[in-house]
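Asker: Here is a sequence with its predicted model. Questions after.
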Amino acid sequence: MNFGPLHVRKISQDIILYKTRTLLVVLIIAIGVFALGVASRTWLILSRELNQSYQATNPASAILSIDRVFGDDVVKAIERMPEIQAAEGRYALSAQIQLGPDEWHLLNLESLADYDHLKINKIRSTGGAWPPPDQSLLLERSGLALIRSEGVLSGEIGERLIVKLPDDKEREMVLSGLAHDVTEFPTTFSNILYGYITLDTLQGLIGRQGYNTLYLTVAGNTLDVAHIQAVVNQVEKKLTTQGFTITRQEIPEPGQHPLNAIIGSVLFMLIVLSFFSLVLSAFLIINTVSAILARQVRQIAIMETIGATQTNIISIYIGMVLLFGLAALIIATPLAILTAQWLTRFMAELMNFDIANFGVPAQFYALDIFAALIVPLLVALMPIRKGASITIREAISDSGSEQAAQFGASRLDQALNHIRRLPASLLYTLRNIFRHKTRLAITLTTLTLASTFFMVILSVRASLLLTIEDIAAYWRQDIKLFLDKPYRHIRTERAALTVPGVVRVEGRLEESGVRRRPDGGQSLRSITVFGVDAVSPFLRPTLVNGRWLRPEDEKAIVVNTDLVSDEPDIAVGDEITLEIDDELSTWRVVGVVTSQLIGGGAILDPIAYVNYPYFARVTGKADLVNRLLVETKDHNPLFQAEVAQALEEHFRQAGLQIGLTELNADIRLALSNIFNVLISLMIILALLLAAVGGLGLMGMMSLSVLERTRELGVVHAIGGDDLIVLQIVITEGVFIGVLSWFFGALLSLPLSRVLSNAIGQILFSVPLTYSLSVGGMLLWLGLVIILSAIASYLPAQSASHMSIREALAHE
């Protein structure tokens, strides 16, 4: 017999007859294809476009802050060095911009000489004048939302702005245009505004032209940090011979955008999601195909009776799976493309870069085909071969899958048989659940994986929030005053304590330096050294290794993980040499603490802590402080802002110059801005997994009800009403859901810690502060019960409405 037309007819009739089942299988496959397609495309587009945008700016190999103003002659002299590919001078000026009545915000101004021929860290115009006219500025485009936040400024080109300079003089400037600077940390994350002016405008603001910052790119080995550091050392020697001192140096990670760690975390979570979704999809396919074959054993017997071979039967079901996969591919691929484009556009907007090309290579479409056709086929082969290998005698003797499944042989079955006090409908439900033990195991595995990942994500989110809280609580002050120069600590503390609302004040000395390595080199970035009170109530460090400072310590130093990451040879017990203001000093490392990340209106350099009295003597600044920490009577942000304003006014009258005022609320806001995207993504992933788990359970319950249609008809025939049928099916679904929650909760305990550690290493080079989300577990328990009830209600309602005659005649 020619089975070719039979194949087509059999597949077509099954699809038409079992539309709901067909739709469920297609959706199950589509979920895996969709997740893999979104994750792979997002990974490629984000990585590629961010890298291309960043490289197009010709990012600096090193950025050097110089102690006094220099001119083009110095820049050209440095550029003539054979080790230098390009050099460019700029003037960095820290100012404030008025956003509303009594509301000032940090504005980092940068003066550029030639806007049309920028060489390093190139910015580009996105609207308005280019270059900015005299007495005007360009605003970095990521700051527009912040500019408009108080509802006073519109951010429109031509708007007049009030800018306050470090000497507290106010200047009116025009917003002449917008600029895009890929190399800066976006305002949406840093909470810092960036502006760009000309040298003529700089002359009008501070009375002089010139540069105080040198940007360099090295010639050759541009990705070699050691080579860049060696070149910087040569540049430093040359500058020193001309009477200049480098006050701060920064060597950005070569070829890496500042937001790489955050993007890496996002992509890592997407890859984990796609893997889990594909695994869930595979288990659901096995379960569904097994159920289909279990219901069609008589049809298989009939085909074998009329001459069909095992190969013929296998080919029919393989064709059916391939058809399901093709339908899933047609549905999932366009949705994956559109979702990946939306997600990458959303991420790019947050991270302040442009997507020039959403295209992906052909290999990514091949990956879609693999997930839609090959993976379902591979996982379905085992149940297909098992179902096709049944003999005619075994098939004919099968009276339906509900009878074929043996109940009572195992110890669990026997234990259930001995239960007598439960209602009959509940006993029936429990026995039916454990009748198909293999399918139950697959369904439980699928739902347990969804439960596990949901609870893991919420625990990782809780750990990230706790880590952010730890960072924000690291420094306990309500207000931090950055003084323009060192003042006697008694004078500053007395001045601050006279301001209403201030309850406690502490002075601190902060200096920038570099580490001098044993081989003669120096640290990649400048190190901010904090001279602190060892028992200060304003500081709550989180120790990673070693111990904290003691009041009697002199040469003891505690470093943070950023410094250890930059200088991996540093360990507790080692001696390190620091150079501060051209003076060398030796310190012994006694501890390592976590990163502070944000502070002083910027992303912080690596940090080290030492005892204030000894540090002040070593630096020749005994009894002097340049930072003031203030505790206010009330800790809410509005009260902090009012006291900060009063402090600024009082200090101005007292002749004490403040360069910057930072509220604790500002630190928390900046931290929230940085990690909101990751936290939001985790919530989205958790909701997607909830949908996957619900869909899987709905498919399982639909197939279970279809298999037991005649059995449920018997329940009707012996007097059971629609409510009894609903109760049986819904109880079964909820029980399976709760069981999967229990196993998922157990698995989530170790896995959540593992994933928290991985995310922490990507973001901070140390594990996150772990927090088990008990609330997340209880939330998922509630969701599981609701989803299970809904997933069971729909097929149960269909079965309950079927007449007894229809149910008993059901095949």
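Answerer: Done, it's in. Residues are numbered from 1 along each chain as shown.

Asker: for the chain, longest strand please?
Answerer: Looking across the chain with DSSP state E, the single longest strand is strand 84-100.

Asker: That one pairs with which strands, and in what direction?
Answerer: Strand 84-100 has its sheet partners listed here by DSSP bridges as strand 103-112 (antiparallel), strand 160-164 (antiparallel), strand 211-218 (antiparallel).

Asker: Just the buried positions in the first one, please.
Answerer: Right, strand 103-112. 104-112 (16 or more other Cβ atoms under 10 Å). (Each C-beta comes from the backbone N, C-alpha and C, glycine too.)

Asker: Reformat the residues you listed as CSV; add distance to G37.
Answerer: Below are the buried residues of strand 103-112 laid out as CSV (distance: Cβ to Cβ, whole Å):
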residue, distance to G37
W104, 47
H105, 42
L106, 42
L107, 43
N108, 40
L109, 45
E110, 41
S111, 47
L112, 43
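
Asker: Make TSV out of those residues and add pLDDT and distance to R90.
Answerer: As requested, the buried residues of strand 103-112 are arranged in TSV below (pLDDT from 0 to 100; distance: Cβ to Cβ, whole Å):
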residue	pLDDT	distance to R90
W104	81	24
H105	83	22
L106	84	18
L107	89	15
N108	91	11
L109	92	10
E110	93	5
S111	94	6
L112	93	6
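
Asker: give the contact list for S526.
Answerer: Counting by Cβ atoms under 8 Å, 6 or more residues apart in numbering, S526 touches 247-250, 512-514, 605-606.

Asker: Narrow those to those that are buried.
Answerer: 247-249, 512-514, 605-606.

Asker: now those residues as TSV including pLDDT, distance to F353 and secondary structure?
Answerer: Output for the buried ones among the contacts of S526, formatted as TSV (pLDDT from 0 to 100; distance: Cβ to Cβ, whole Å; DSSP: H, G, I helix; E, B strand; the rest coil):
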residue	pLDDT	distance to F353	secondary structure
T247	81	30	strand
R248	80	26	strand
Q249	82	26	strand
S512	84	30	strand
G513	84	33	strand
V514	84	31	strand
D605	70	24	coil
P606	84	26	coil
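
Asker: Now the residue nearest the centre of the chain: closest residue in space that isn't a chain neighbour?
Answerer: In the chain, the centroid-proximal residue (Cα atoms, centre = their mean) is L678; its distance is 2.8 Å. Using Cβ to Cβ, 6 or more residues apart in numbering and skipping the chain neighbours, the partner closest in space to L678 is S265 (5.5 Å).

Asker: circling back to that earlier point, my read is the residue nearest to the centre of the chain is in a helix, agree?
Answerer: Yes: under DSSP: H, G, I helix; E, B strand; the rest coil, L678 sits within a helix.

Asker: Next, work out how far apart it and A665 are.
Answerer: As judged by Cβ to Cβ, to the nearest Å, L678 and A665 stand 21 Å apart.

Asker: what does G776 give?
Answerer: 27 Å.

Asker: More neighbours: these two, which one.
Answerer: Each of G776 and A665 has its neighbours counted (other Cβ atoms under 10 Å); G776 has more, 23 against 17.

Asker: so what's that one up against?
Answerer: Going by Cβ under 8 Å, 6+ apart, G776 touches 454-455, 458-459, 461-462.

Asker: can I see the domain layout of this structure?
Answerer: Split into domains by automatic domain parsing, the chain comes to 1-55+266-398, 62-250, 403-475+667-811, 479-634.

Asker: what's the span of stretch 512-524 from first residue to last?
Answerer: End-to-end distance for stretch 512-524: 13 Å, by Cα to Cα, to the nearest Å.

Asker: How many neighbouring residues does the closest residue to R491 other than its chain neighbours have?
Answerer: Among residues not flanking R491 along the chain, L656 sits closest, at 7.5 Å (Cβ to Cβ, 6+ apart). Neighbour count of L656, defined by other Cβ under 10 Å: 20.

Asker: Look up which helix or strand L656 falls in, please.
Answerer: Using DSSP states H and E, L656 falls within no helix or strand.

Asker: What distance do you get for it to R508?
Answerer: To R508, L656 is 15 Å away according to Cβ to Cβ.

Asker: just to revisit the earlier point, mean confidence (pLDDT) on the longest strand of the chain, please.
Answerer: Across strand 84-100, the average pLDDT comes to 90.

Asker: Quick one: distance of that strand to the chain centre.
Answerer: Computed by Cα atoms, centre = their mean, to the nearest Å, the chain-centroid distance of strand 84-100 equals 30 Å.

Asker: which residues sit in contact with E642?
Answerer: Counting by Cβ under 8 Å, 6+ apart, E642 makes contact with G501.

Asker: Double-check that it belongs to a helix.
Answerer: Yes: judged by three-state DSSP, E642 forms part of a helix.

Asker: Distance-wise, check it relative to I66.
Answerer: 38 Å.

Asker: Same check on L466?
Answerer: On the measure of Cβ to Cβ, L466 and I66 end up 41 Å apart.

Asker: neighbour-wise, which of those two wins?
Answerer: Using other Cβ under 10 Å as the criterion, L466 and I66 rank with I66 on top: 19 against 15.

Asker: Secondary structure class of that one, three-state.
Answerer: strand.

Asker: What is the host helix or strand of S451 packed up against?
Answerer: Take DSSP H and E as the rule and S451 turns out to sit in helix 437-472. Using 3 or more Cβ pairs under 8 Å, 6 or more residues apart in numbering; DSSP states H and E, the elements in contact with helix 437-472 are helix 260-295, helix 664-707, helix 722-764, helix 774-800.

Asker: Lowest average confidence across the ones you listed, which one?
Answerer: helix 664-707 (a mean of 70).

Asker: where's the helix holding S451 relative to the chain centroid, distance-wise?
Answerer: The answer for helix 437-472 is 16 Å, by Cα atoms, centre = their mean.

Asker: again, but for stretch 74-85
Answerer: Counting by Cα atoms, centre = their mean, stretch 74-85 is centred 40 Å from the centre of its parent chain.

Asker: and it, which residues are buried?
Answerer: By 16+ other Cβ under 10 Å, the buried positions in stretch 74-85 come out as 74-75, 78-79, 81, 83-85.

Asker: now swap in stretch 275-288 and tell me
Answerer: Within stretch 275-288, the residues that count as buried by 16+ other Cβ under 10 Å are 276-288.
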